[in-house]
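K.L.:
Provide a 3D model corresponding to the input given below.
(2 chains)
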Amino acid sequence: MSEEPVLRLDGLTKRFGNRVALSGVTFSVERSEYVGLFGPSGAGKTTLLRAIAGFDVPDAGRIYLAGRDITHKPAHERGIGFVFQNFALFPHLSVMDNVAFGLRNGIKRMPEPEVRSHALEVIELVGLKGLEDRGIGQISGGQKQRVALARTLVIRPRLVLLDEPLGALDANLRLRMRAELRRIREQLQIPFLHVTGNETEALAMGDRLIVLDQGRIGQLGTPEEVYNRPASANVARFLNRYNVFDGVLQNGSFASAYGHFPYGMRVAGQKPAYAIRYDRVIAKEKDAVSHGPVVRANYIASEYLGAAIVHFFQTNDLKVVEVEHHLSNGPPETFAEGCTYDLTWKPDDGIVFG
Amino acid sequence: MALYLAETPGIPPAETVDGSVETRTPRRAVSSYLLIAPAVVWMTLFLVIPMAMIVYVSFWTQTTFKIEPILTLDSWETFFSSGTYVNSLWTTLRIWLIVLTATFVFGYPTALFVGLFVKNKTLQTTLLVLCVIPFWTSFLIRVLAWRPMLGKEGAINILLLKAGIVHQPIEALLFTDLSVVIGMTQIYVVFMVGPIAFMLGRIDPNILEAARDLGANFWQILRKIIFPLSLPGVVVGAMFVSVMVLGEFATSAALSGRKVNLLGNIIVTQVGSLKWALASVVGVILTIIMGLVIAGLLRIVDLKQEL
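P.N.:
Numbers count the residues shown, from 1 in each chain, chains lettered A, B, ... in the order given. I've put the predicted structure just below:
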């Protein structure tokens, strides 16, 4: 239990001119853990990853790898793997030579016969057996992704950083690679820190999730905790699963522009807001709701998602409220375009911030 | 299709609707021949025919004031039996190799700095333009400006004497191979820097970071990643420099005091004394050397694929 975490960040801060990209970021990654790092674009995800890899030097704070301070250690001496979003493969080398690069040029250089067998082993692990003599221009996007991963894994890094590794792949391939990444990580028992701007990917991938919000940690927890109990209105917004309303908190009650909302849970200490999950909202006929929270809104359109359907409503002050209906709960209701409905939910499902 | 129809009244429209797939290929070929025709005519008139002419004239019979189209090997024999001429062939090759090496040695680090270490695009362009500015001054002035620099009482010698580094002025600086090499390197190094900096500028910075992340130090990255990726630039630069140095005559004439005789200088002298046949022989030899050099350089990289 007292073992040092593989990676520990202590108050990491980075500024670009006047803009604060990272502010006091503190967390640790344990041995054999898949950590998702999630946030909207501009939240500082890539900046954080580059600081850990050693490509950028932080303005303040410390980075510890297995207990050793590596804040000012050059990138090539850190032994941390980095998988780039655009793969950044060496275009003039074959698959084999790309994978073997770290073994031939690293600090601990390996004799040539061993290089080949080591590289082949990892090429097989990522499922590229038989392609080792191909050029980089002769393989597909998904295969490039695997080469990038193999090239990093072959040096046995203590930690692997993945910068939006699935961003350049099409949706089908993305799903397959998600499973592959988890399988490979479990086989190697190396911690992965996976940056993503996609909330579905973030919730699906990590054992633990770190949500970045404007350079600060917005929340740190299991995907389930983050999903069910977002720590702030912003986190709820990033998840893209919550309707968030502005308002004020008065005598233990939340007053929004649409009336008073009773709530089941309160997260203290920030700007007041009220969040309710899309799939907890029910649309009823006008004036059919006698008690509980009510938002009156006009029906605009629906979007079919396969297992669910999302209905879009708009209030008089042009706020869009989303209502998600899972089709396993029965066939969807039909709404008339432009007609007014009352949206309501169980008070217990509402979360209040502030 | 409409354009084709409008311009080819001979073909009835009804037929082309069905036959368009078959008729398109030959007609596109005709139009692409038309596109290349001006270039072919130009090159034939002003390159192919003159070159064939030079080869032909090199076998003509030369007397003191006259040249006649009677075929003979006399001029070729004169060239290869004369120590002066054969020596100038070796001098040309020697100076070319030294200048090529010098432009690479000075040009590559410059290009590396401009193309890779300067991140600001505006500054990058400014630096490249600075490299080109000396080229805007007249060739003659640029070459002659080296005389007061390198001469016995020139700027470099004065500085070295004042600093007490030497006690006698160094005479080897001017009117030697060295001065010719210095002069040519200064003029032509920019042709090496440009193409290399261009290739270096195209390298994705993430690739270099990836190499660093895999544990490679700067020298390993330079040798295994940067240099191979910039090789097409080096080859293009080497072609520029080679073609210009091999055909040089002005720099060597101005900076060597006529001690260094390149093939180019021989041509100038022979043409000056109306010895067209021998001048043609040297011209043919020079062209063959250039052809071999270009062919050799092209074997290093497949430029079609790289650029």
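
K.L.:
Every contact and neighbour count from this point should use C-alpha atoms.
P.N.:
Noted.

K.L.:
which other helices and strands contact the strand or helix carrying A:A301?
P.N.:
With secondary structure defined by DSSP states H and E, A:A301 is part of strand A:295-304. For strand A:295-304, the contact count by 3 or more Cα pairs under 8 Å, 6 or more residues apart in numbering or on different chains; DSSP states H and E identifies strand A:308-314, strand A:340-344 as packing neighbours.

K.L.:
strands paired with it, and their directions?
P.N.:
strand A:308-314 (antiparallel), strand A:340-344 (antiparallel) (DSSP bridges).

K.L.:
Turn the helices and strands packed on strand A:295-304 into TSV, including distance to A:S290, mean neighbour count and mean pLDDT.
P.N.:
Putting the helices and strands packed on strand A:295-304 into TSV (distance: least, Cα to Cα, whole Å; neighbours: other Cα atoms under 10 Å in any protein chain shown; pLDDT from 0 to 100) gives the following:
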stretch	distance to A:S290	mean neighbour count	mean pLDDT
strand A:308-314	20	20	94
strand A:340-344	10	22	93
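
K.L.:
Show me the domain layout of the chain.
P.N.:
Since you didn't name a chain, this refers to chain A. Taking automatic domain parsing as the domain assignment, the ranges for chain A are A:7-226, A:241-353.

K.L.:
could you do chain B instead?
P.N.:
What the record gives for chain B is the domain set B:2-57, B:84-306, from automatic domain parsing.

K.L.:
mean confidence for the longest one?
P.N.:
Confidence for domain B:84-306, expressed as mean pLDDT, is 91.

K.L.:
That one close to chain A?
P.N.:
Yes: using Cα under 8 Å from any Cα of the partner chain as the criterion, contacts between domain B:84-306 and chain A involve B:204, B:206-207, B:209-217, B:220, B:225, B:228-229.

K.L.:
So which of the domains of chain B is nearest A:V122?
P.N.:
Across the domains of chain B, the minimum distance to A:V122, taken as Cα to Cα, is reached by domain B:84-306, at 14.9 Å.

K.L.:
which residue ranges form the strands in the stretch 51-200 of chain A?
P.N.:
Assigned strands in the stretch 51-200 of chain A, in chain order: A:60-65, A:68-69, A:80-83, A:159-163, A:192-196 (criterion: DSSP state E, counting those that start in this stretch).

K.L.:
can you tell which of these is closest to chain B?
P.N.:
Judged by Cα to the nearest Cα, the one of those that comes nearest to chain B is strand A:80-83, at 6.4 Å.

K.L.:
wait, does that closest one contact chain B?
P.N.:
Yes: using Cα under 8 Å from any Cα, a contact is recorded between strand A:80-83 and chain B, made by A:I80, A:G81, A:F82, A:V83.

K.L.:
quick one: contacts for the first one?
P.N.:
What it means is A:I80. For A:I80, the set of contacting residues under the criterion of Cα atoms under 8 Å, 6 or more residues apart in numbering or on different chains consists of A:A53, A:P157, A:R158, A:L159, A:V160, A:L161, B:D213.

K.L.:
Before we move on, what's the pLDDT of the residue lying closest to A:S253 once chain neighbours are set aside?
P.N.:
What sits nearest to A:S253 in space, not counting adjacent residues and going by Cα to Cα, 6 or more residues apart in numbering or on different chains, is A:P262, at 6.3 Å. Listed pLDDT for A:P262 reads 88.

K.L.:
next one: the one 3 residues further on
P.N.:
According to the per-residue confidence, A:M265 scores 87 in pLDDT.

K.L.:
So for it, what's the nearest residue that isn't a sequence neighbour?
P.N.:
Nearest residue to A:M265, sequence neighbours excluded (Cα to Cα, 6+ apart): A:I351, at 4.9 Å.

K.L.:
ok so, going back, and the domains of chain B, which is most packed in?
P.N.:
Neighbour counts (mean count of other Cα atoms under 10 Å in any protein chain shown) averaged over each of the domains of chain B peak at domain B:84-306, with a mean of 18.

K.L.:
would you turn the contacts of A:I80 into a markdown table with distance to A:G127?
P.N.:
As requested, the contacts of A:I80 are arranged in a markdown table below (distance: Cα to Cα, whole Å):
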| residue | distance to A:G127 |
| --- | --- |
| A:A53 | 26 |
| A:P157 | 19 |
| A:R158 | 22 |
| A:L159 | 21 |
| A:V160 | 19 |
| A:L161 | 20 |
| B:D213 | 23 |
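
K.L.:
re earlier: output the helices and strands packed on strand A:295-304 as JSON lines; include the columns distance to A:A21.
P.N.:
Shown next, in JSON lines, are the helices and strands packed on strand A:295-304 (distance: least, Cα to Cα, whole Å):
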{"stretch": "strand A:308-314", "distance to A:A21": "34"}
{"stretch": "strand A:340-344", "distance to A:A21": "39"}
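
K.L.:
right, and out of the contacts of A:I80, which lies closest to B:T72?
P.N.:
Sorting the contacts of A:I80 by how near they are to B:T72, with Cα to Cα, puts B:D213 at the top with 67.9 Å.

K.L.:
coming back round to it: so the residue nearest to A:M265 touches A:V267, yeah?
P.N.:
Yes: judged on Cα atoms under 8 Å, A:I351 makes contact with A:V267 at a distance of 7.4 Å.

K.L.:
who's more crowded, these two?
P.N.:
A:I351 (27 against 16; other Cα atoms under 10 Å in any protein chain shown).

K.L.:
from what I can see A:G54 touches A:E77, true?
P.N.:
No: shown here, A:G54 and A:E77 do not form a contact pair, counting by Cα under 8 Å, at 9.2 Å.

K.L.:
So for those two, which sits in the more crowded spot?
P.N.:
Set side by side, A:G54 and A:E77 show unequal neighbour counts under other Cα under 10 Å, the larger going to A:G54 at 24 against 18.

K.L.:
tell me the pLDDT at that one?
P.N.:
The confidence metric pLDDT takes the value 94 at A:G54.

K.L.:
Then A:I80?
P.N.:
Value for A:I80, per-residue pLDDT: 94.

K.L.:
Does the residue of chain B found nearest chain A belong to a helix, a strand or coil?
P.N.:
Residue nearest to chain A within chain B (Cα to the nearest Cα): B:G215, separated by 4.0 Å. Local secondary structure at B:G215 is given as coil here, using DSSP: H, G, I helix; E, B strand; the rest coil.

K.L.:
now A:G24, what's its secondary structure?
P.N.:
Three states are possible here, and by three-state DSSP the one that applies to A:G24 is strand.

K.L.:
Can you give me every residue that contacts it?
P.N.:
Going by Cα under 8 Å, 6+ apart, A:G24 touches A:D10, A:G11, A:L12, A:T13, A:G61, A:R216.

K.L.:
In strands, which of those appear?
P.N.:
In strands, defined here by DSSP state E, the members of the contacts of A:G24 are A:D10, A:G11, A:L12, A:T13, A:G61, A:R216.

K.L.:
Perfect, I'm done here.
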